[in-house]
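Asker: Starting from these lines, generate the structure:
(chains A and B)
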2 protein chains.
Amino acid sequence: MAEYHTFSTEDAMRFADEHSGLFGDHSKLSCEEFGDGNLNLVFRVSNDKGTSLIVKQALPYARCVGESWPLTIDRARIEAQVLLKHRKLCPEHTVEVLHYDAEQAAILMEDLKHYRILRTELISGKQFAHLAPQMASYLANTLFYTSDFALTGPNKKQQVGKFLNPELCLITEDLFFTDPYCNHERNNIHAEIRQQAQQLWHDEALQAEVAQLKADFLSKPQALLHGDVHSGSIFINEENCKVIDAEFGFYGPIGFDVGSLIGNLLLNYLGHFGLTQDTDARQQHQDYLVSQVQSLWQEFSAQFTQLMRSECHEPALQNSLYQQRFMQQLWADTLGYAGCELIRRTVGLAHVADLDKISNSTVRGQCEAKALQLGRDLIMQRHSLANMAQLMQLLHSLSER
Amino acid sequence: MAEYHTFSTEDAMRFADEHSGLFGDHSKLSCEEFGDGNLNLVFRVSNDKGTSLIVKQALPYARCVGESWPLTIDRARIEAQVLLKHRKLCPEHTVEVLHYDAEQAAILMEDLKHYRILRTELISGKQFAHLAPQMASYLANTLFYTSDFALTGPNKKQQVGKFLNPELCLITEDLFFTDPYCNHERNNIHAEIRQQAQQLWHDEALQAEVAQLKADFLSKPQALLHGDVHSGSIFINEENCKVIDAEFGFYGPIGFDVGSLIGNLLLNYLGHFGLTQDTDARQQHQDYLVSQVQSLWQEFSAQFTQLMRSECHEPALQNSLYQQRFMQQLWADTLGYAGCELIRRTVGLAHVADLDKISNSTVRGQCEAKALQLGRDLIMQRHSLANMAQLMQLLHSLSER
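Answerer: Presented below is the predicted three-dimensional model:
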């Protein structure tokens, strides 16, 4: 193909046809563009027998703000390479990439049409017992095997260099760690919680903790993160879940991925105070979410610990006391990043439907205030919350306020 | 020039003549090779008027073990680029690079013929009041201005990618953090301290702390380190000191550079128990070293703190509470890496003359035992030694044992 141009549906069909044997020679292809993201075109290419694939092409700008916000199309390389790497490490729960074209910044991948977006499902009150154990396995395997425990120093450094991802990291650096804690024009603050939001701008004790979490985001390349594990990046059905959208991938602190996901489960937990009127149904769904958070950490930490014990190739890191402390610090990091996710999704640029969909604005404001409070508590208490039981206590005390 | 070949003295003269205007057209050049390192050829090229320059060429193998240990000549690029960067940030105390040739892995640089190697001077009991303040300024400026405090996220990542330096980092990773704590064939253990050395191999509490320091060396790219600030990399005279030999440079934990230097001053301190018989002279020199360690940390931390306050371009890191904690952690890191330097220089592959030159092997063994003890204390107590006064107490208690 020629130099980069944005794909038409015709281009997407040709691309899918060329790079997969799935369709056969004479298949009748159709194509629709259905991207609801802001950064990419997403096409579904199908033949008349019901076989389909996805073509995702990176746009050279962020679509939500028009062409005024240019953004490297190299992120398609990052996305493809992270997904290929993670799929090697956890094939069950990573979307399959069939082909990546650097010039067109386009990825041909498996169509998860029998899956739905986790966020939508959780908002509608659906529950999946396999969510936590499967995501725990995804996180433990992808993060352990790309860390210093598993890679030699030189191999790790080569990987770090391949996945520097400066432009997309900068988005997270700004939106996640800076904007919510100052009066930034990118913030999106509902009138009902303006006062609580403003408190964040003057909360120096909190800002000191967020500075530490940001410094680690900038300078703690522990493992190849997905970088954006929110419930919109997870597809799920009755049997399985799969992770997509890895364009924010980079070498960063392991707790960022784990914490992002826990943060999103907690956002859904808080959202249901407004989304679900039936108190029994609400309680039941919130209990489900709590059990998922518990099980996610327990299974993740059990698997990661087991991998450290049996698969650590770096002699100096085989020390069991060090490994215990590593898990303790990882727990604190996880809580901290979960807290940041709660706060930035409430007052920052990118909200979540879990809160925004609450129709009564007073109730929404109450839920958002809880999100800010819980976020702050998680960040401030991340070293003193010794275990999951104490986190659960914090959650229950919050519900009663 | 053609593809890489090891320089003859003729080549070195031609190289120096081509890339500097210093010699003039008809100067009579002479050249001697005097490298005592193991990895490089070092030529002094002089004209008949006393002007001279140094040509340093990286060998594609480590000379000490012949051609059997291949080593990338890309380290000449690292060395040249680190020195150029550090010289921009601290021109007074960084050797000047005039030209770098990638193909020949050769660097043309200023000749420090009016300087001597700090280690040799300290061993002979020389004292320089300007050592600590000047090195404090070198460390504060080079480390601050290459850190997240001063660089944007994207700019920092680009720099990290440029200075990954996998091969030379691996040498440090092995020799500094792994070998001394196990029965490794590369270790060089004098018979007199074999028992104390063996204790290191079974000291799991110590190994857990060293694991943390190694993990940080692997995954805490805080700033562009020199990477090898021992007293053989510092040239000094009555007015000034300059840092050379930056081939180990990479983005790593700031405390590594500061701790390496402090570790070397402490090695000299301990060495003089054996090197200097006259107890008054010894005491006087050791008092000098103690005052230098104190002043190094005090001036470094004062300058770094001042730079954080006035030159921090990253809004999230301007928080003063965070900056205080950053300095606290940096102090602990510094002590830890100083401790590692004491231990690895005593039992690892690369010894220092400060200890090895002690002619009486019993006395040398006593000094080496103190180095191991002090090294362990520094590593184990790095979080509890609250300040320099407590470090000094530790040092005095050691002298009395």
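
Asker: okay, now the residue in the stretch 1-150 of chain A positioned nearest to chain B: neighbour count?
Answerer: Distances between the stretch 1-150 of chain A and chain B by Cβ to the nearest Cβ are smallest at A:D148, namely 4.8 Å. C-beta here means a position set from N, CA and C on the backbone, and glycine is covered the same way. By other Cβ atoms under 10 Å in any protein chain shown, 22 other residues sit near A:D148.

Asker: Surely it touches A:K156?
Answerer: Yes - using Cβ atoms under 8 Å, A:D148 is in contact with A:K156, at 6.0 Å.

Asker: Give the residues shared as contacts by these two.
Answerer: Shared contacts of A:D148 and A:K156, defined by Cβ atoms under 8 Å, 6 or more residues apart in numbering or on different chains, are found at B:L218.

Asker: nearest residue to the residue of the stretch 1-150 of chain A closest to chain B other than its sequence neighbours?
Answerer: Excluding the flanking residues, the one nearest A:D148 by Cβ to Cβ, 6 or more residues apart in numbering or on different chains is B:L218, at 4.8 Å.

Asker: what kind of secondary structure is the one you found in?
Answerer: helix (DSSP: H, G, I helix; E, B strand; the rest coil).

Asker: Retrieve the pLDDT associated with it.
Answerer: As predicted, B:L218 sits at a pLDDT of 98.

Asker: residues in contact with it?
Answerer: Neighbour list for B:L218: A:D148, A:G153, A:K156, B:E173 [criterion: Cβ under 8 Å, 6+ apart].

Asker: quick one: which of those residues is most hemmed in?
Answerer: With neighbours defined as other Cβ under 10 Å, the most crowded of the contacts of B:L218 is A:K156; it has 25 neighbours.

Asker: what ranges do the strands span in chain A?
Answerer: A:30-33, A:40-46, A:52-58, A:97-101, A:106-110, A:116-117, A:223-225, A:234-236, A:241-243, A:250-252 (DSSP state E).

Asker: For the fifth one, which strands pair with it and how are they oriented?
Answerer: Applying DSSP bridges, strand A:106-110 is found paired with strand A:52-58 (antiparallel), strand A:97-101 (antiparallel).

Asker: Other residues contacting it?
Answerer: Under the criterion Cβ under 8 Å, 6+ apart, residues A:7, A:15-16, A:19-20, A:53-58, A:76, A:79-80, A:83, A:95-101 lie in contact with strand A:106-110.

Asker: Any residues of the stretch 201-350 of chain A in contact with chain B? List them.
Answerer: Applying Cβ under 8 Å from any Cβ of the partner chain, we find that the stretch 201-350 of chain A lies next to chain B at A:204-205, A:207-208, A:210-212, A:214-215, A:218-222, A:315-317, A:319-322, A:325-326.

Asker: if you set the cut-off to 6 Å instead, what comes out?
Answerer: A:207-208, A:211, A:214, A:218-219, A:221-222, A:315-317, A:319, A:321-322 (Cβ under 6 Å from any Cβ of the partner chain).

Asker: and those, which are buried?
Answerer: A:207-208, A:211, A:214, A:218-219, A:221-222, A:315-317, A:319, A:322 (16 or more other Cβ atoms under 10 Å in any protein chain shown).

Asker: Would you tell me which one of the strands paired with strand A:106-110 is buried the most?
Answerer: Greatest average neighbour count among the strands paired with strand A:106-110 goes to strand A:52-58 (a mean of 25), per mean count of other Cβ atoms under 10 Å in any protein chain shown.

Asker: mind listing the helices for the stretch 101-250 of chain A?
Answerer: Applying DSSP state H, counting those that start in this stretch to the stretch 101-250 of chain A gives helices spanning A:118-123, A:131-144, A:153-162, A:166-177, A:194-201, A:204-219.

Asker: How many residues are close by A:Q199?
Answerer: 12.

Asker: now A:L139
Answerer: A:L139: 27 neighbours (other Cβ under 10 Å).

Asker: tell me which helix or strand of chain A sits lowest on mean pLDDT?
Answerer: helix A:388-400 (a mean of 84; mean pLDDT, DSSP states H and E).

Asker: List every C-alpha atom in that helix, with coordinates, as PDB.
Answerer: The C-alpha coordinates for helix A:388-400 follow below in PDB (Å, rounded to 0.1, in the frame of the first residue of the first chain):
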ATOM      1  CA  MET A 388      -8.100  -6.500  51.700                       C
ATOM      2  CA  ALA A 389     -10.200  -6.800  54.900                       C
ATOM      3  CA  GLN A 390      -9.200  -3.300  55.900                       C
ATOM      4  CA  LEU A 391     -10.000  -2.000  52.400                       C
ATOM      5  CA  MET A 392     -13.400  -3.600  52.700                       C
ATOM      6  CA  GLN A 393     -14.000  -1.800  56.000                       C
ATOM      7  CA  LEU A 394     -13.100   1.400  54.400                       C
ATOM      8  CA  LEU A 395     -15.700   0.800  51.700                       C
ATOM      9  CA  HIS A 396     -18.400  -0.100  54.100                       C
ATOM     10  CA  SER A 397     -17.800   2.900  56.300                       C
ATOM     11  CA  LEU A 398     -18.100   5.000  53.200                       C
ATOM     12  CA  SER A 399     -21.400   3.500  52.200                       C
ATOM     13  CA  GLU A 400     -22.800   4.500  55.600                       C
END
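
Asker: returning to that earlier point: show me which pair in the buried ones among the residues of the stretch 201-350 of chain A next to chain B is furthest apart.
Answerer: Spatially, the most separated pair among those is A:Q207 and A:P315, at 39.5 Å (Cβ to Cβ).

Asker: before we move on, the earlier item: so which of the strands paired with strand A:106-110 comes closest to B:D377?
Answerer: Across the strands paired with strand A:106-110, B:D377 has its closest neighbour in strand A:97-101 (52.3 Å, Cβ to Cβ).

Asker: Just the residues contacting the closest one, thanks.
Answerer: Residues outside strand A:97-101 that contact it (Cβ atoms under 6 Å, 6 or more residues apart in numbering or on different chains): A:H19, A:S20, A:A80, A:L83, A:L84, A:I107, A:L108, A:M109.
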